[in-house]
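K.L.:
pasting the sequence and the predicted coordinates here, then a few questions.
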Amino acid sequence: MQTELLYLKDCYLKEFNAKVLDSNAEQKWIELNKTAFYPEAGGQPTDKGKIEFQGKDSKVVLVKKRDGKILHFLEGEIPEKGTEVKALLDWNLRFKYMKMHSAQHLLSALILDQFGASTVGNQIQEEKSRMDFYPIRFEEETLKKLETEFNEIVEKELPVEIQFKSRETVLEEVDEKRRVLFSRLPEAIKEIRVIEIPGIDKCPCGGTHVKNTKEIGKIKILGRENKGKERDRVSFTLID
Ligand SMILES: [Zn+2]
């Protein structure tokens, strides 16, 4: 049995009940029948939190995929297979990651559309994130202008929608610049999770996002750094 990934449909789920599918006391992990914990991947860090069971609680310190399984690494007692647990996310941390991840999509879309530069790397952190773009060399005033445009879209409170679409549908409706993002996904994926900011962006993504651009908060671009020929790294923070 595979773990049902609750965060794919509801990024705002903060707690849930689940059953332990498998556990390993030595390696200190459990596998659950469903989870709202995001396993570290694609530049978004692991969720953290805790699980409660039989009057005890253990910290969830790391969630990661291993051999197709989602393992929740715990600090404290490890519940046995079959145990019913209540799980609670560290929501403060997760919400910061959601804001940062949606911010990345928005910035990525602005830069792709205006300069034809793709996002070739990214790493989210709690307070500061970074993205690498190629091919581009940013000027100081370009970044200032992007910051202003970004913050205008934040003010517009545009929805950030999560949709599940067939490969055919999405390849047909997406523009030329974005088609490669979808067509390079493995053929085995028939239904694609699409994060859409209407009129601005469509992007295949398995991460967690806020529900509208207002929730992102305002961006402050902290700087740029040259990371190779025509490869620029931009770092930013978000202000509430
Ligand atoms: Zn994403």
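P.N.:
Looks like it arrived, so ask away. Numbering: from 1, shown residues only.
K.L.:
list the contacts of the residue of the chain found nearest the ion.
P.N.:
Closest contact between the chain and the ion, by Cβ to the ion, is at residue 205 (3.2 Å). Backbone N, C-alpha and C define where each C-beta goes, glycine included. Residue 205 makes contact with 42, 101, 105, 193, 194, 195, according to Cβ atoms under 8 Å, 6 or more residues apart in numbering.
K.L.:
again with residue 12
P.N.:
Shown in contact with residue 12 (Cβ under 8 Å, 6+ apart): residue 211.
K.L.:
please report phi then psi for it.
P.N.:
phi -100, psi 10 (degrees, to the nearest 10).
K.L.:
go on, residue 126?
P.N.:
phi -60, psi -50.
K.L.:
neighbours of it, how many?
P.N.:
Neighbour count for residue 126, taken as other Cβ atoms under 10 Å: 12.
K.L.:
ok, now the one 4 residues further on?
P.N.:
Other residues within reach of residue 130 by the criterion other Cβ under 10 Å amount to 20.
K.L.:
adding secondary structure, pLDDT and neighbour count, write the contacts of residue 205 out as CSV.
P.N.:
Formatted as CSV, those follow (DSSP: H, G, I helix; E, B strand; the rest coil; pLDDT from 0 to 100; neighbours: other Cβ atoms under 10 Å):
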residue, secondary structure, pLDDT, neighbour count
42, coil, 86, 12
101, helix, 98, 25
105, helix, 98, 24
193, strand, 98, 18
194, strand, 98, 21
195, strand, 98, 20
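K.L.:
coming back round to it: and the residue of the chain closest to the ion, how far from residue 189?
P.N.:
Taking Cβ to Cβ, to the nearest Å as the measure, residue 205 falls 12 Å from residue 189.
K.L.:
got the domain ranges for this structure?
P.N.:
4-89, 94-239 (automatic domain parsing).
K.L.:
of the contacts of residue 205, which ones also sit close to the ion?
P.N.:
Restricting these to those near the ion by Cβ under 5 Å from the ion leaves nothing, as none qualifies.
K.L.:
report the separation between the two terminal residues of stretch 182-201.
P.N.:
By Cα to Cα, to the nearest Å, the extent of stretch 182-201 from end to end equals 13 Å.
K.L.:
equivalent analysis for stretch 212-221, please.
P.N.:
End to end - Cα to Cα - stretch 212-221 spans 20 Å.
K.L.:
the chain against the ion: which residues are in contact?
P.N.:
205, 207.
K.L.:
which residue ranges form the helices in the chain?
P.N.:
91-115, 140-155, 167-173, 176-183, 213-216 (DSSP state H).
K.L.:
need the contact list for the residue lying closest to residue 52 once chain neighbours are set aside.
P.N.:
Distance criterion Cβ to Cβ, 6 or more residues apart in numbering; nearest residue to residue 52, sequence neighbours excluded, is residue 86 at 4.5 Å. Taking Cβ under 8 Å, 6+ apart, we find residue 86 in contact with 15, 16, 17, 51, 52, 53.
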